[in-house]
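Visitor: Any chance you can model this:
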Amino acid sequence: MQLTLEHIDLTLKGKKILDDVGFEVADGQFVSILGESGAGKSTTLKIIAGILPQDSGRVLFDGVCVDDIPTHKRNTATVFQDIRLFLHMDVQQNIAFPLKMRKASRAERTETTDRMLDAVQLKGMGNRRPSELSGGQQQRVALARALAAHPRALLLDEPFSGLDEQLRAEMRQLVSQLHQEFSMTSLMVTHDPDEALVMSDRIIHMNDGCVIQHGTPAELLLHPASPLVRAAFNDSSSIEGTVAQGQFTSGKLTVPAPEIPDGSAVLVRVPDREPFVHPLS
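Guide: Next up, the predicted model:
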């Protein structure tokens, strides 16, 4: 599903929260909204989900305005930072909840729940309560519940911020894998520039309620539109080169890049993570 925001404005309690926010997320892309606290990232996500109405502007799904469509009919799913599992339900019941609301049959709920548990690597844990799970396992359940509804777009609001670095790395890998497996449009809010670089097809950088740059990770890294964008990626380094037949080359340096199309590319290095390759276009 293609997501489009046009000239979104929002003022709350006399304070301008969003100012002429507009961007497009192509069908099937993984896009990050990056910025510091108070930049307007989560508010933008809530407007897309229908949780919060904007003062002006339009939200479009595949070119159709959805401003008058309630949250539960927008066919999006949101995973929040605070997880929000139902503590009185076991894991299976949590995952099946959106299907139950849609009056799906018991057989469909069981089949979908089993498939989702397998997808998030929690097979055999369906009878446990959330209180019996680790933070990382709870986040996996929240992700499985979101995916069980077969959303056309997955919205992620700082989904890894409460996890330690090892769990964050595991969840980043899992979310990227599921994004590909389920062929979804995914939009993630994050304050972590390296996370945005590693996971995203494109990055929307916000500050003070405005979009200050929207482009590929390579574009923001190599051609920052402002000192603020440049400062966000100070800990990262890059090497320009080319990809041919699954191999990135820059001078004498060669790095495998099996999923990158032939053409100009950039090798990105971020602290404490494996280098990765992004196409330049």
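Visitor: now the helices for the stretch 1-150 of the chain?
Guide: 41-49, 91-101, 106-119, 135-148 (DSSP state H, counting those that start in this stretch).
Visitor: now stretch 30-47, how far from the chain's geometric center?
Guide: 10 Å (Cα atoms, centre = their mean, to the nearest Å).
Visitor: Next, the buried residues of that stretch.
Guide: 30-35, 39-47 (16 or more other Cβ atoms under 10 Å). Backbone N, C-alpha and C define where each C-beta goes, glycine included.
Visitor: Stretch 118-130 now?
Guide: Across stretch 118-130, burial judged by 16+ other Cβ under 10 Å covers 119-120, 122, 125-126, 130.
Visitor: Same question for stretch 235-242.
Guide: 236, 238-239, 241.
Visitor: Please render the buried residues of stretch 118-130 as TSV that adds pLDDT to the earlier fields.
Guide: Below are these laid out as TSV (pLDDT from 0 to 100):
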residue	pLDDT
119	89
120	90
122	91
125	91
126	91
130	91
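Visitor: What is the nearest of the residues you listed to residue 231?
Guide: The closest of these to residue 231 turns out to be residue 120 (Cβ to Cβ; 35.3 Å).
Visitor: show me the contacts for the residue nearest to that closest one when sequence neighbours are not counted.
Guide: Excluding the flanking residues, the one nearest residue 120 by Cβ to Cβ, 6 or more residues apart in numbering is residue 140, at 4.1 Å. Residue 140 sits next to 120-122, 171, 174 when contact means Cβ atoms under 8 Å, 6 or more residues apart in numbering.
Visitor: Any figure for the gap between residue 140 and residue 63?
Guide: Distance from residue 140 to residue 63, counting by Cβ to Cβ, to the nearest Å: 34 Å.
Visitor: circling back: of the contacts of residue 140, which pair is most distant in space?
Guide: 122 and 171 (12.6 Å).
Visitor: Now do the contacts for residue 108.
Guide: residue 99.
Visitor: Got the confidence number for it?
Guide: The model reports residue 108 with a pLDDT of 91.
Visitor: swap in residue 166?
Guide: At residue 166, the model reports a pLDDT of 80.
Visitor: coming back round to it: wait, which of the buried residues of stretch 235-242 is closest to residue 84?
Guide: Nearest to residue 84 among the buried residues of stretch 235-242, with distances taken as Cβ to Cβ, is residue 236, at 32.4 Å.
Visitor: and the closest one, how far is that from residue 198?
Guide: Applying Cβ to Cβ, the value for residue 236 to residue 198 is 10 Å.
Visitor: shared neighbours of the two, which are they?
Guide: By Cβ under 8 Å, 6+ apart, the residues touching both residue 236 and residue 198 are residue 270.
Visitor: quick one on the thing from earlier: distance to residue 249 for the contacts of residue 140 - can I get that in CSV?
Guide: Listed next are these as CSV, based on distance: Cβ to Cβ, whole Å:
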residue, distance to residue 249
120, 37
121, 35
122, 41
171, 32
174, 31
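Visitor: quick one: which of those is nearest residue 269?
Guide: So of those, ranked by how close each gets to residue 269 (Cβ to Cβ), first place is residue 171, at 21.7 Å.
Visitor: What is the neighbour count of the closest one?
Guide: 20 (other Cβ atoms under 10 Å).
Visitor: returning to that earlier point: and residue 213, which of the helices of the stretch 1-150 of the chain is closest to it?
Guide: The closest of the helices of the stretch 1-150 of the chain to residue 213 is helix 41-49. By Cβ to Cβ, the value is 13.9 Å.
Visitor: So which residues make contact with the closest one?
Guide: Contacts for helix 41-49 (Cβ under 8 Å, 6+ apart): 3, 5, 8, 10, 17-18, 21, 33-35, 52-54, 59, 71, 74, 76, 78, 153, 155, 157-158, 187, 189-191, 206.
Visitor: ditto for stretch 88-99
Guide: The contact list for stretch 88-99, computed with Cβ under 8 Å, 6+ apart, reads 77, 85-86, 108-110, 112-113, 116-117, 122, 125-130, 133, 141, 144-145, 148-149.
Visitor: what's the neighbour count on residue 216?
Guide: Residue 216 is flanked by 18 other residues according to other Cβ under 10 Å.
Visitor: Isn't it up against residue 203?
Guide: Yes - the pair residue 216 and residue 203 qualifies as a contact (Cβ atoms under 8 Å) at a distance of 7.5 Å.
Visitor: Turn the helices of the stretch 1-150 of the chain into CSV, columns for distance to residue 262.
Guide: Output for these, formatted as CSV (distance: least, Cβ to Cβ, whole Å):
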stretch, distance to residue 262
helix 41-49, 34
helix 91-101, 41
helix 106-119, 32
helix 135-148, 33
